[in-house]
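In: how would this look folded up:
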Amino acid sequence: MKLKALLSGVPYVTTTAPLDMEITDLCFDSRVCRPGMAFACVKGLRADGHDYIGAALENGAALIIAKHAVDGVPTVVTDEPEITLAFMAGNFYGNPAREMTFIGVTGTKGKTSTTFFIKYLLEQTFGARVGLIGTIRNMAGDIDLGESHNSTPTVTELHALLRQMRDAGCTHVVIEVSSHALALGRVDGIRFRVGVFTNLSQDHLDFHGTMENYLQAKLRLFQMSDVGVVNIDDPASARVLETAACPIKTFSMQHDEADACAKDVEQRGADGVDFNVYANGHSAHVKFPVPGLFSVHNALAALSAALELDAEFDDAVRILAEVPHVPGRAEVVPVHAEFRVIVDYAHSPDSVAKIVETVAGFTAGRVISVLGCGGDRDRTKRPKMADAAARGSDYIILTTDNPRFEEPADIIQEMLPGVAHTDCPYEVVIDRREAIRHALDLACPRDTVLIMGKGHEPYQEVRGVRHHFDDREEVLSYMAAIQEGSV
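Out: Just a heads-up that it's a prediction; the model follows:
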């Protein structure tokens, strides 16, 4: 594509490059640069692309997108290379975002479930073909576009996915909009018909540094949305309401004045939760098939978004009662035993507390929890996660999650203070496979084994390599071996 076409409508300061030069592709990783490509100097968590201009040129980069001109090299000079790259990526892929309706969901917890529910509601209420971009999978309607490596893809990956979705006939796209994506400008240039805020609690401080920075990143979504849908039960919602540049619709389990409100909530254990919903002057009883009070907020968020997109209330409420279970979110593993096994993606103090509380509420016996913390992530939350697990569990096994480039024993050592001060008995089993098997061995009738941290993930990341590992598969294979008498 000619540079002139790539720069159409793109924010930048100046360029030293000829506008008729041909650009073959865009990248921000010098290692994947090839002849004819444009290299953007994006600043990430650990590296600044400006430090890799030489490497990109050695690999054949034809154009540099940077904060300063590079002597003797065609350069697009811009104050914000990340944002410039986002707009250029849109142009490179034919601006598919202009042809579809976007719904963005941000928040610490509930993004994945809420996006799945919105997708299902839109498909079932008025037959939309809906793209999904998020933590578990990327999809164009029922077409699987592959596993995700980030909640929100990089800008080049994002627009390539959007092109695939539009070509597959998608009319709507639901995106998990992470704080990283908002801070790094990955979704700049996309206008969201609806932006959804679920909640805010401690996470990603390794990237943002402070909770204020974390919140500020989330708030950006409501500068690029036509309407916001906000959980006013969360204290951070006050800041959303104060700063949003768009009209706001609210949902709540506590405030009758909310635009969508759930009342008379009754939990049905692992089978789900019942509640009465009031919205748009209508009311109905919902038998929601996903357990936990947090699921009510996710259901309200999805319903509110669907109503803003002109879904009929009666249709949307009926379909809420039919939503499929989201992989790795309070997922019951079918073990055919007298105890229950649940796998959940909980990986922050608040999400651990919520799922443990939910499981304890419907477990007649003991809650045996298996918990690890990810490496190279916010270290301050490790003892808090262990503490949250200890407060609702009857027994805890501390183990490895995705250690990445840290030593598993060192991570667990930082978790120990959170459980050691409690009365909850615990032990350390570093190998995750052995930890899961040990928990299953300990389980008695009426107990629940709760395995937290990885949820849907089919891998364990060690020293930069992802090895196949799926908590659900580990449970099923070990239970099958027990039933066959081979262990």
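
In: quick one: residue 449 and residue 395, what's the gap?
Out: For residue 449, the distance to residue 395 equals 10 Å [C-beta to C-beta, to the nearest Å]. For the C-beta atoms, the positions are set from N, CA and C on the backbone; glycine is no exception.

In: what do the two both touch?
Out: 368, 442 (C-beta atoms under 8 Å, 6 or more residues apart in numbering).

In: which one of those two has more residues nearby?
Out: Set residue 449 next to residue 395 and count neighbours by other C-beta atoms under 10 Å: residue 449 wins out with 28 against 19.

In: Which strand or helix spans the more buried one?
Out: strand 448-452 (DSSP states H and E).

In: What of residue 441?
Out: helix 432-442.

In: CA atoms of that helix as PDB?
Out: Below are the C-alpha coordinates for helix 432-442, written out as PDB (Å, rounded to 0.1, in the frame of the first residue of the first chain):
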ATOM      1  CA  ARG A 432       0.700 -28.200  39.600                       C
ATOM      2  CA  ARG A 433      -0.200 -31.600  38.300                       C
ATOM      3  CA  GLU A 434       0.700 -33.200  41.600                       C
ATOM      4  CA  ALA A 435      -1.200 -30.400  43.500                       C
ATOM      5  CA  ILE A 436      -4.400 -31.100  41.500                       C
ATOM      6  CA  ARG A 437      -4.100 -34.900  42.100                       C
ATOM      7  CA  HIS A 438      -3.400 -34.400  45.800                       C
ATOM      8  CA  ALA A 439      -6.600 -32.300  46.100                       C
ATOM      9  CA  LEU A 440      -8.600 -34.900  44.400                       C
ATOM     10  CA  ASP A 441      -7.200 -37.600  46.700                       C
ATOM     11  CA  LEU A 442      -8.200 -35.500  49.700                       C
END
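
In: so how far is it off the chain centroid?
Out: The chain centroid and the centroid of helix 432-442 are separated by 27 Å under C-alpha atoms, centre = their mean, to the nearest Å.

In: Enumerate every residue touching residue 316.
Out: Neighbours of residue 316 in contact, by C-beta under 8 Å, 6+ apart: 121, 125, 303, 306, 307.

In: Quick check: it is in a strand.
Out: No: assigned with DSSP: H, G, I helix; E, B strand; the rest coil, residue 316 falls outside any strand and is helix.

In: what about the spatially closest residue to it that is not a sequence neighbour, helix or strand, and which?
Out: Nearest residue to residue 316, sequence neighbours excluded (C-beta to C-beta, 6 or more residues apart in numbering): residue 306, at 4.8 Å. Per DSSP H and E, residue 306 falls inside helix 293-308.

In: Do me a favour and average the pLDDT over that helix.
Out: The pLDDT scores in helix 293-308 average 96.

In: thinking again about what came up before, ok, the contacts of residue 316 vs residue 317, which is closest?
Out: Using C-beta to C-beta, residue 303 is the member of those that sits closest to residue 317, with 7.1 Å.

In: these two touch, right, the closest one and residue 280?
Out: No: judged on C-beta atoms under 8 Å, residue 303 makes no contact with residue 280 at a distance of 9.9 Å.

In: Now for the two: what residues contact both?
Out: Common neighbours of residue 303 and residue 280 (C-beta under 8 Å, 6+ apart) are residue 260.

In: Who has more neighbours out of those two?
Out: Between residue 303 and residue 280, counted using other C-beta under 10 Å, the more crowded position is residue 303 (27 against 14).

In: Just the CA trace of stretch 293-302, in CSV.
Out: Extracted in CSV, the C-alpha atoms of stretch 293-302 (Å, rounded to 0.1, in the frame of the first residue of the first chain):
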residue,chain,number,x,y,z
LEU,A,293,-23.7,-13.1,42.9
PHE,A,294,-21.0,-11.7,40.6
SER,A,295,-22.9,-13.4,37.7
VAL,A,296,-25.9,-11.2,38.3
HIS,A,297,-23.7,-8.1,37.6
ASN,A,298,-22.4,-9.8,34.4
ALA,A,299,-26.0,-10.6,33.3
LEU,A,300,-27.2,-7.1,34.0
ALA,A,301,-24.2,-5.7,32.0
ALA,A,302,-25.0,-7.9,29.0
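
In: Centre of the chain to that stretch, how far?
Out: With C-alpha atoms, centre = their mean, you get 16 Å for stretch 293-302.

In: Lowest mean pLDDT among the helices and strands, pick that one out for the protein.
Out: helix 205-208 (a mean of 56; mean pLDDT, DSSP states H and E).

In: what's the next secondary structure element after that one?
Out: helix 211-219.

In: Quick one: mean pLDDT for that following helix?
Out: 82.

In: thinking again about what came up before, give me the residues contacting the strand holding residue 449.
Out: Against strand 448-452 from outside (C-beta under 8 Å, 6+ apart): 339-347, 352, 355-356, 359, 362-363, 365-372, 389, 393, 436, 439-440, 442-443, 471, 475.

In: Would you list the buried entries among the residues you listed?
Out: Among these, the ones that count as buried by 16 or more other C-beta atoms under 10 Å are 339-347, 352, 355-356, 359, 363, 366-372, 389, 393, 436, 439-440, 443, 471, 475.

In: For stretch 94-106, buried residues please.
Out: 95, 96, 97, 100, 101, 102, 103, 104, 105, 106.

In: Tell me which residues are up against that stretch.
Out: 90, 111, 114-115, 118, 131, 159, 162-163, 165-167, 170-179, 182, 187, 189-198, 218, 221, 225, 301, 305, 309.

In: Check which residues of the one helix or strand residue 161 maps to are buried.
Out: Using DSSP H and E, residue 161 sits within helix 155-167. Residues of helix 155-167 classed as buried: 155, 156, 157, 158, 159, 160, 161, 162, 163, 164, 165, 166 (neighbour count, 16+ other C-beta under 10 Å).

In: Buried subset of the contacts of residue 316, written for PyMOL?
Out: Of the contacts of residue 316, the buried ones can be selected in PyMOL as follows, counting by 16+ other C-beta under 10 Å:
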select buried, resi 121+125+303+306+307
